[in-house]
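Novice: okay, predicted coordinates and the sequence, questions at the end:
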Amino acid sequence: MISFALLGHPANYDHLDHLLHQLRPDLAPKKTGTSADGVAQLFELVPSYAEKATLHIAPNVNGKLIVCTFLPDRLTTPKQLTTAHHKTRDACQLAKELGAHIAGLGGFTSITMAGKLNALSAELDIALTTGGSLTSALALAQIDSLLEKLKLKIESQTVAILGASGEIGSACMNALAPRAQKVIAIARNKNKLDSVVSNLRNTFASTDSNDAYHADLIIAATSSAQPLLREDDLKRGAILCDIGYPKTIVEGKSRRPDVLVFGGGLAESPLTFDLHLDTGLPSPRLMYGCFSETIALAMSNHFENFSDGESPITVERMEEILALAHAHGFKPAPLYRGSELIAEENLEAYCVMRDA
Amino acid sequence: MTPTESKLQQIVAAKLKVKPEQVPLDKSFIEDIGLDSFDLMSIIIEIEEVFPHISLAADEAQALKTLKEVAAYIDHQKRLPSS
């Protein structure tokens, strides 16, 4: 029996291809000559399934990764969107059947339950969380400690939030707007965005993701299946915290020394998370914030829809989950650009280049 | 305009926070009318709730792009004898 489940999906086709090479080299596309589209279609025919590996966190705290077999960038028709919704539902049902008391909906799976997470939780009698509270809290803590190291104050920063009307984006925006010099709130749905920003000081709404390039600090918290920003196009000195899964930024071929791009919303823990597959994380001690929230709640026997994707995430809720996660050894992760650690010398080089 | 088209316009208008008549019926509602992915999913879920006799997960629904096409699909499924 497991006590928690983590719901995920491959970030994109390349990730799926890599997973196939790792898990089933006999089925890998290059061996079988199947096209990318064909492989993706075959993958979509598979129902949501639980990985064999079990994460043993503590006595009676065990969990599994449940794979929802869709790729976000292929959700472009009503049929595919509906199918993805049903796959996430099925994955929650499977979590329940495996004995889980709580399931964390990672990446795009939380979007596929849009506004229905509490209803599904009641129907299946299992706690469900998007993990958005801890993800937001971790990203903000990572930003705080980075700014402190760089001797920068948020009060002097123009901050852009991509995905500002979303759960994580609005949590970050509400936390930063009272302090930042200016906030550019970016999302697709203008009217929804206007209602979110109307009560915030120095906050301006935009539907153009290119407006993010004007900011000193960019927080990317979109559920966009396609990258929206390019590292090559960032202005000198820009800092980008990319919380998106799949990633919102296209990294350049090599690291630009005059900008800082890092994966945000990640936790580091004394535990090692070995799922025997490529999770897209740079170290087995790191974990996505959404899954860290799920694991920390399971470790506390606190089976609640902590982040339900509907209620706004307040600063108090972020503090509560950060403290609970901290009690179980989770802390904001060091900064990585992809799989490379951003070391002290990179920060020093950044300061020199930024001021040159 | 058919009653089904009108109902779909209302569902989408509530998400876009605009008047129903401002929702275009003949543009791709997935790409071209300013819905974010959360809105889009909640619309899909609501369509399934409001029209329980249809399944947007069916193969025939694969090519639907505009609300007009979705409405025609819903009305076509309604007319089929239930099996």
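Specialist: Here it is on my side, so go on.
Novice: quick one: average pLDDT of stretch A:328-345?
Specialist: Mean per-residue pLDDT for stretch A:328-345: 96.
Novice: in it, what's buried?
Specialist: Neighbour-count burial for stretch A:328-345 flags A:His328, A:Phe330, A:Pro332, A:Ala333, A:Pro334, A:Leu335, A:Tyr336, A:Arg337, A:Ile342 (criterion: 16 or more other C-beta atoms under 10 Å in any protein chain shown). C-beta: built from backbone N, CA, C; applies to glycine.
Novice: what is the burial count for residue 3?
Specialist: Chain wasn't specified; assuming chain A. A:Ser3 has 20 neighbours, counted by other C-beta atoms under 10 Å in any protein chain shown.
Novice: sorry, I should have been clearer: chain B.
Specialist: For B:Pro3, the neighbour count with other C-beta under 10 Å is 9.
Novice: from chain A, how far out is it?
Specialist: In this structure, B:Pro3 and chain A are separated by 19 Å, where distance is defined by C-beta to the nearest C-beta, to the nearest Å.
Novice: from the buried residues of stretch A:328-345, which two are the most distant?
Specialist: Maximum pairwise distance in these, criterion C-beta to C-beta, is 27.2 Å, between A:His328 and A:Arg337.
Novice: mind checking pLDDT for B:Pro81?
Specialist: On the pLDDT scale, B:Pro81 gets 66.
Novice: do the same with B:Leu35
Specialist: At B:Leu35 the predicted local distance difference test score is 86.
Novice: do the same with B:Ile30
Specialist: The predicted local confidence for B:Ile30 comes out at a pLDDT of 82.
Novice: ok, how many other residues are close to it?
Specialist: B:Ile30 is flanked by 20 other residues according to other C-beta under 10 Å.
Novice: now for B:Ala63: which residues touch it?
Specialist: A:Thr77, B:Glu69 (C-beta atoms under 8 Å, 6 or more residues apart in numbering or on different chains).
Novice: hang on, it in a strand?
Specialist: No - the secondary structure assignment for B:Ala63 gives coil rather than a strand, going by DSSP: H, G, I helix; E, B strand; the rest coil.
Novice: what separation do you get for it and A:Val261?
Specialist: In this structure, B:Ala63 and A:Val261 are separated by 39 Å, where distance is defined by C-beta to C-beta, to the nearest Å.
Novice: do A:Ala127 as well
Specialist: Note on A:Ala127: its distance to A:Val261, by C-beta to C-beta, is 34 Å.
Novice: what do you get for A:Gly309?
Specialist: The separation that A:Gly309 has from A:Val261, given C-beta to C-beta, amounts to 27 Å.
Novice: these two: who's more crowded?
Specialist: A:Val261 (26 against 23).
Novice: once you drop chain neighbours, what's closest to A:Gly329?
Specialist: In space, and not counting its chain neighbours, A:Gly329 is closest to A:Pro270: 4.6 Å by C-beta to C-beta, 6 or more residues apart in numbering or on different chains.
Novice: would you list the phi and psi of that neighbour?
Specialist: According to degrees, to the nearest 10, the main-chain angles of A:Pro270 amount to phi -70, psi -20.
Novice: what's the burial count for it?
Specialist: For A:Pro270, the number of neighbouring residues by other C-beta under 10 Å comes to 9.
Novice: over to A:Arg255?
Specialist: By the measure other C-beta under 10 Å, the count of residues near A:Arg255 is 17.
Novice: cool, B:Ala57 as well?
Specialist: Neighbours of B:Ala57 under the rule other C-beta under 10 Å: 19.
Novice: residues in contact with it?
Specialist: For B:Ala57, the set of contacting residues under the criterion of C-beta under 8 Å, 6+ apart consists of A:Lys79, A:Thr82, A:Thr83, A:His86.
Novice: try 6 Å this time
Specialist: With contacts defined as C-beta atoms under 6 Å, 6 or more residues apart in numbering or on different chains, B:Ala57 is in contact with A:Lys79, A:Thr82, A:Thr83.
Novice: now it: closest residue in space, sequence neighbours ignored.
Specialist: Residue nearest to B:Ala57 in three dimensions, not counting chain neighbours: A:Thr82, with 4.3 Å by C-beta to C-beta, 6+ apart.
Novice: hang on, A:Thr135 packs against A:Gly263?
Specialist: No - counting by C-beta atoms under 6 Å, A:Thr135 stays clear of A:Gly263, with 11.2 Å between them.
Novice: how far does stretch A:309-316 sit from its chain's centre?
Specialist: In terms of C-alpha atoms, centre = their mean, to the nearest Å, the centre of stretch A:309-316 is set 16 Å apart from its chain centre.
Novice: in that stretch, what's buried?
Specialist: Neighbour counts using 16+ other C-beta under 10 Å place A:Gly309, A:Ile313 of stretch A:309-316 among the buried residues.
Novice: contacts for that stretch?
Specialist: Contact partners of stretch A:309-316, identified using C-beta under 6 Å, 6+ apart, comprise A:Ser110, A:Gly115, A:Leu117, A:Thr130, A:Gly132, A:Ser133, A:Ser136, A:Glu167, A:Ala171, A:Ala175.
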